[in-house]
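>>> Sequence plus predicted model, see below.
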Number of protein chains: 2
Amino acid sequence: MILCDIGNTTFHFLLGKNHKKYSIEEKLPKFDEKIYFVSVNKKATKKLMKANPDAVNMKKYLDFKTEYKGQGIDRVLACMFTKNAVIVDAGSAITVDIMKKGVHKGGFILLGLSSFIKAYPKISKKLKFDFEKKINLDKIPLQTKDAIQYAMMKSIILPIKDVSKNKNIIFTGGDGKLLSTYFENSVYKKDLIFENMKRIIDANNCIA
Amino acid sequence: MILCDIGNTTFHFLLGKNHKKYSIEEKLPKFDEKIYFVSVNKKATKKLMKANPDAVNMKKYLDFKTEYKGQGIDRVLACMFTKNAVIVDAGSAITVDIMKKGVHKGGFILLGLSSFIKAYPKISKKLKFDFEKKINLDKIPLQTKDAIQYAMMKSIILPIKDVSKNKNIIFTGGDGKLLSTYFENSVYKKDLIFENMKRIIDANNCIA
């Protein structure tokens, strides 16, 4: 069994315990095992289905109630099976979703770290900087490179703190590990989406 | 007397009570009156001086102590004459500076509203939206266009709230008026930089 999470820019495969990523532009191989996938990208879905016609779109197995209109299927998957928590998927965008007593209460979409990093130098060459992973958020900055990085981290962290307060926070996605270090009541689950895909496959006995 | 604030992209003139802006690319006229200017843009400074050789760079009249390295002269001007307040200049970038007992304590640089608005659709076409000026920040969003605008406003507002607490906040710059509506303890001073330029000119008797 192979799992695949199709995003805006990447095919993300889980082959046993191995992760394998392909750009949306790359040629995909024909895999030997059956593929179960979720996708937010119609064009990429067609591409996968062309190379692997018996791949299974898991959309029909997802049973998730929300008043939110247009929630991406990756966000739905990240939220499933969580009773009370804030779920943060930190990729090119950072989606933040609130689950309360097993009900999805809505969410919001922050710019991802890479978007912030790209946006500053577009304002002025003077705002170019090399991103450092450890930033002191307790001291008001006294030079430009700190002034930018302090601001961008606060722009991401404070809106998440604002809705999480005493709630637990589950981080996933490429920048989830880094962001989770700024929150006490948090866990980082690298494979949250794949884990939830497996749970749904198990529950539905839909493995061929 | 004509005042001019030269930014990264614009010459901003105050001619009596009239504001006049020229793009950095545009041809500048020769003005009849003496020009007093501040600038963060060397190339544009040269252009102004070429068309108006007797224009006065006010840099030498600015007496402002700070440990901050590389603070733009527009930020220095915005902070001068303020004892206790947070000063927010909301343009293409949003500079936030903290003055305490007349001493500059440092500051940080948020992305401007226009930067946020441009950055979202670059992540995915699905994140295109039309910016609305009135956004409900008390309700967790239930659709994508709200999810984006809630997040971007929180990304700007919360870092400013975080450092302002009981302090007064002085907003200036193109988006300062809109942002000030989200803060109780705030004033909007459209011409803060020009007003402070005038105060310095008066104090130094440097009018020809």
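The structure has been received and is ready for your questions. None of these values were measured; they are calculated from a predicted model. Numbering: from 1, shown residues only, chains lettered A, B, ... in the order given.
>>> neighbours around residue A:138, how many?
Residue A:138 has 5 neighbouring residues, counting by other Cβ atoms under 10 Å in any protein chain shown. The way it works is simple: take the backbone N, C-alpha and C, and place the C-beta from them, glycine included.
>>> can you check residue A:54 too?
9.
>>> and what of residue A:71?
21.
>>> Check which helix or strand it maps to.
Under DSSP states H and E, no helix or strand contains residue A:71.
>>> May I have the residues that are in contact with residue A:13?
A:2-4, A:19-22 (Cβ atoms under 8 Å, 6 or more residues apart in numbering or on different chains).
>>> Tell me which entries of those lie within helices.
Among those, no residue falls in helices (DSSP state H).
>>> can you list those in JSON lines and add neighbour count?
Formatted as JSON lines, these follow (neighbours: other Cβ atoms under 10 Å in any protein chain shown):
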{"residue": "A:2", "neighbour count": "17"}
{"residue": "A:3", "neighbour count": "21"}
{"residue": "A:4", "neighbour count": "27"}
{"residue": "A:19", "neighbour count": "12"}
{"residue": "A:20", "neighbour count": "12"}
{"residue": "A:21", "neighbour count": "12"}
{"residue": "A:22", "neighbour count": "18"}
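>>> Reformat these as TSV; add distance to residue A:152.
Below are the contacts of residue A:13 laid out as TSV (distance: Cβ to Cβ, whole Å):
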residue	distance to residue A:152
A:2	36
A:3	32
A:4	31
A:19	27
A:20	31
A:21	25
A:22	29
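>>> my guess is residue A:110 contacts residue B:156, does it?
No: counting by Cβ atoms under 8 Å, residue A:110 stays clear of residue B:156, with 11.5 Å between them.
>>> which residues are in contact with both of these two?
Common neighbours of residue A:110 and residue B:156 (Cβ under 8 Å, 6+ apart) are residue A:155.
>>> Who is the residue nearest to the spatial centre of chain A paired with across the strands?
Nearest residue to the geometric centre of chain A (Cα atoms, centre = their mean): residue A:89, 3.1 Å. Listed beta-bridge partners, residue A:89: residue A:95, residue A:172 (assigned using DSSP bridges).
>>> For residue A:189, see how far away it is.
From residue A:89 over to residue A:189 the distance is 10 Å, taken as Cβ to Cβ, to the nearest Å.
>>> which one's the longest helix in chain A?
Longest helix in chain A, counting by DSSP H: helix A:144-164.
>>> Is that helix positioned near chain B?
Yes: Helix A:144-164 lies within reach of chain B by Cβ under 8 Å from any Cβ of the partner chain, at A:144, A:146-148, A:150-152, A:154-156, A:158-159, A:162-163.
>>> coming back round to it: would you convert the contacts of residue A:13 into JSON lines that also reports pLDDT and distance to chain B?
Compiled in JSON lines, the contacts of residue A:13 are given as follows (pLDDT from 0 to 100; distance: Cβ to the nearest Cβ, whole Å):
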{"residue": "A:2", "pLDDT": "96", "distance to chain B": "25"}
{"residue": "A:3", "pLDDT": "96", "distance to chain B": "22"}
{"residue": "A:4", "pLDDT": "97", "distance to chain B": "18"}
{"residue": "A:19", "pLDDT": "94", "distance to chain B": "22"}
{"residue": "A:20", "pLDDT": "95", "distance to chain B": "22"}
{"residue": "A:21", "pLDDT": "94", "distance to chain B": "17"}
{"residue": "A:22", "pLDDT": "95", "distance to chain B": "18"}
